[in-house]
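1. Kindly generate the corresponding structure for this input.
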Amino acid sequence: MLATLEKTEKRLTIQTADITQDTTTIRSLDWDRDRFDIEFGLQNGTTYNSHLIRGEKIALVDTSHAKFRQLYLDTLTGLIDPKQIDYLIISHTEPDHSGLVKDFLALNPNVIVVGAKIAIQFLEGFVHEKFERQVIKNGDKIDLGKGHVLEFVNAPNLHWPDTILTYDWGTQTLYTCDVFGLHYCSDDLFDVNLKAIAPDYHFYYECLMAPNARSVLSALKRMEKIGEVKIVANGHGPLLKHNVDELIGRYREWSLAQTKGEKSVTVFYVSGYGDSDRLSQSIARGITKTGITVEMIDGIGADLQEVREIVENSAGIAIAMPPASGEKAKEAATTLSTILASANGKQVIGFFESYGEDDEPIDPILTKFRELGLTTVFPSIRIKDTPTEATYQLCEEAGTDMGQFLTKEKSIQKRKSLDSDLDKAIGRISGGLYIITAQKGDIKGAMLASWVTQASFEPLGLTIAVAKDRAIESVMQVGDRFVLNILEEGNYQHLMKHFLKRFKPGQDRFEGVNIQDAKNGSPILIDALAYLECEVISRMEVSDHWIVYSQVDEGRVSKPDSLTAVHHRKVGNYY
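-> Numbering: from 1, shown residues only. Next up, the predicted model:
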């Protein structure tokens, strides 16, 4: 039976349904959410899914986002007396799934909280009260009775360091939280329309799972030891039932492709310390945008032999600063010493603070790596205030700089090898010269563009091809607004020179440029011939670019008698 609560002003609704024997899902539908972390521009909202399993004992898998507090708790207490629930299983502690744990513990202080060791440690940090717990490892089981035997699969870094998957042998249902999810809000309980959800499923993988592709493959290998999966009860989007094998298979295919890169970078972070986890994810996201494979390693509990082997085989290393004192400091220091002993002068390196209470200082450690001959590819990221979206954007740009540095030689060789008649012919396709400018909150971006064309009359729309490794791509998601500045023939060289130069991560792209604010909040270049204010309506992924379709809302020409600057290329295999 399906039950949906009346929509609120913010369009937050609850959907409940029995999905298999003795199992009910509680889906919190967030219809209007338009962004999820910096990289996610959401076109279709999202959901936060929670699941109730009733055997002789009862288990609740995850809770919901804090914004659903009253809706979720009212729905849960309408289904069952919370005190009857024996186990609260924490798939991972990211707030959108564990945001109501403290509220649930107030209703049932005797429940046994089940999670990975790191998850329990994280919970202690924000619950701030004693609770019953059961730490589980890969392969551990809990028998609820009535055939519901739960087996746990360790899946760290997907995409949180404490992630576990839960398999119910009785119903062949796999509870996966973020894994195999997608940000897609609809009344469809299951994946009834594969074509409709496929783009969001892939985009979700690219943003959250691609930086952890090796961990994805490790989790898939562990999953081979459990039985057939008939239902994937994920944490976001429709549950998977009709296309389970296909969609799990896509994770394997994408991850294998992601890990076949000739070079790799290892990103070291410290779980549960400061903002190390999310900052490292942003670094990793930036690296993967360049096609470089990423390996993420938790500096706490890491196998030192594995650390040694991975570092020796890495082209680059990014390190989140560990705590200088406290329980984690000694273990993190041992990992750091192993990294130092395994590094060599042919590698590149970058450091970023964790914004913990007591970060180890960067400079003494950086000096040791420089003495070994390692090259620093982005300025050390020093965080003095609580991280904002601009901070995460800075980290993503730093990761992209590292990836581009490592692919520079290959790009040059590729250009030389592809300088064929075909490339010369494609290069004869000319385009105008434009500068895209955007601002969203504290995040600013700009990009020189020539692959721009009008695409529709009603409404007025245009398309822009944006390379996947461009920093501005993160603020050109569906619903984002930007300005297309059209350059003037004979009066564009100073703007072109400015925006073609290499900016440091986080550097203000508009320093020294004459600008004014558009109605949509983005900068207008005063020296441009004309400008158009645009809103992103949809995006299509191609091999190395995003094709961004945008609606034009406003526009003005400053010099009606002037012509648009035109870009003529010699070859078509690079800009």
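
2. partner strands of whatever helix or strand residue 319 lives in, parallel or antiparallel?
-> Here residue 319 sits within strand 316-320, counting by DSSP states H and E. Strand 316-320 has the following strand partners under DSSP bridges: strand 264-269 (parallel), strand 348-352 (parallel).

3. Domain boundaries for this protein, per the record?
-> Split into domains by automatic domain parsing, the chain comes to 3-258, 264-411, 428-567.

4. Make JSON lines out of the strands paired with strand 316-320 and add distance to residue 83.
-> Using the backbone N, CA and C atoms, a C-beta is placed for each residue, glycine as well. Output for those, formatted as JSON lines (distance: least, Cβ to Cβ, whole Å):
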{"stretch": "strand 264-269", "distance to residue 83": "38"}
{"stretch": "strand 348-352", "distance to residue 83": "45"}
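
5. would you list the ones you listed in CSV and tack on distance to residue 572, mean pLDDT and mean neighbour count?
-> CSV is the format used below for the strands paired with strand 316-320 (distance: least, Cβ to Cβ, whole Å; pLDDT from 0 to 100; neighbours: other Cβ atoms under 10 Å):
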stretch, distance to residue 572, mean pLDDT, mean neighbour count
strand 264-269, 30, 94, 25
strand 348-352, 30, 97, 25
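
6. re earlier: export the domains of the chain to CSV and tack on distance to residue 422?
-> Putting the domains of the chain into CSV (distance: least, Cβ to Cβ, whole Å) gives the following:
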stretch, distance to residue 422
domain 3-258, 25
domain 264-411, 18
domain 428-567, 11
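
7. correct me, but residue 23 touches residue 58?
-> No. At 10.8 Å, residue 23 does not count as touching residue 58 under the criterion of Cβ atoms under 8 Å.

8. Do a quick rundown of the helices in the stretch 401-550 of the chain.
-> Listed in chain order, the helices of the stretch 401-550 of the chain (DSSP state H, counting those that start in this stretch) span 421-426, 493-500.

9. ugh, wrong one, I meant the stretch 251-400 of the chain
-> Using DSSP H, counting those that start in this stretch, helices in the stretch 251-400 of the chain cover 276-288, 304-312, 329-342, 362-371, 389-417.

10. Residue 161 is nearest to which of the helices of the stretch 401-550 of the chain?
-> Nearest to residue 161, of all the helices of the stretch 401-550 of the chain, is helix 493-500, at 38.1 Å by Cβ to Cβ.

11. Okay, buried residues for the closest one please.
-> By neighbour count on 16 or more other Cβ atoms under 10 Å, the buried set for helix 493-500 is 495, 498-499.

12. And stretch 305-320, by the same measure?
-> For stretch 305-320, the neighbour count (16+ other Cβ under 10 Å) marks 307, 310-311, 314-320 as buried.

13. just stretch 423-438 next, same as before
-> By 16+ other Cβ under 10 Å, the buried positions in stretch 423-438 come out as 423, 427, 431-438.

14. just curious, which of those residues is nearest to residue 89?
-> Of all the buried residues of stretch 423-438, residue 438 has the smallest distance to residue 89: 41.0 Å, by Cβ to Cβ.

15. Could I get the contacting residues of the closest one?
-> Applying Cβ atoms under 8 Å, 6 or more residues apart in numbering to residue 438 gives the contacts 444-446, 472, 475-476, 480-483, 522.

16. at 7 Å what do you get?
-> Going by Cβ atoms under 7 Å, 6 or more residues apart in numbering, residue 438 touches 445, 472, 475-476, 480, 482, 522.

17. which residue sits closest to it in space, ignoring its chain neighbours?
-> Of all residues beyond its chain neighbours, the one nearest residue 438 is residue 482 (3.8 Å), with distances taken as Cβ to Cβ, 6 or more residues apart in numbering.

18. so the one you found makes contact with residue 524?
-> No. Using Cβ atoms under 7 Å, residue 482 is not in contact with residue 524, being 10.8 Å away.

19. Please say which of these two ends up with more neighbours.
-> residue 482 (29 against 21; other Cβ atoms under 10 Å).

20. Mind listing the residues bridging to the more buried one?
-> residue 534.

21. burial measure for residue 99, as a count.
-> Residues near residue 99, counting by other Cβ under 10 Å: 21.

22. Which pLDDT does the model give it?
-> Residue 99 is assigned 90 on the pLDDT scale.

23. what do you get for residue 418?
-> We have a pLDDT of 55 for residue 418.

24. Show me where the protein dips below the pLDDT cut-off.
-> Applying pLDDT under 70 to the chain picks out residues 1-10, 35-41, 410-419, 573-575.

25. so residue 487 makes contact with residue 448?
-> No. Under the criterion of Cβ under 7 Å, residue 487 is not in contact with residue 448, lying 8.9 Å apart.

26. ok, and the closest non-adjacent residue to residue 313?
-> Distances taken as Cβ to Cβ, 6+ apart place residue 264 nearest to residue 313, at 7.0 Å, with adjacent residues excluded.

27. residues touching residue 324, list them.
-> 358-360.

28. Now restrict the residues you listed to buried residues only.
-> Buried members of those, scored by 16+ other Cβ under 10 Å, are 359-360.

29. In a helix, residue 76, correct?
-> Yes. Residue 76 sits within a helix when classified using DSSP: H, G, I helix; E, B strand; the rest coil.

30. any idea how far residue 283 is from it?
-> 37 Å (Cβ to Cβ, to the nearest Å).

31. Specify which residue of those two has the higher count of neighbours.
-> residue 283 (32 against 25).

32. so the more buried one touches residue 395, yeah?
-> Yes. Contact criterion Cβ under 7 Å: residue 283 and residue 395 qualify, at 5.0 Å.

33. list the residues that contact both of those two?
-> Shared contacts of residue 283 and residue 395, defined by Cβ under 7 Å, 6+ apart, comprise residue 352.

34. Closest one to residue 381 out of the contacts of residue 324, please.
-> Of these, the one sitting nearest to residue 381 (Cβ to Cβ) turns out to be residue 359, at 11.2 Å.

35. Now for residue 487 and residue 448: what residues contact both?
-> Residues touching both residue 487 and residue 448 (Cβ under 7 Å, 6+ apart) are residue 435.

36. Perfect, that will be all.
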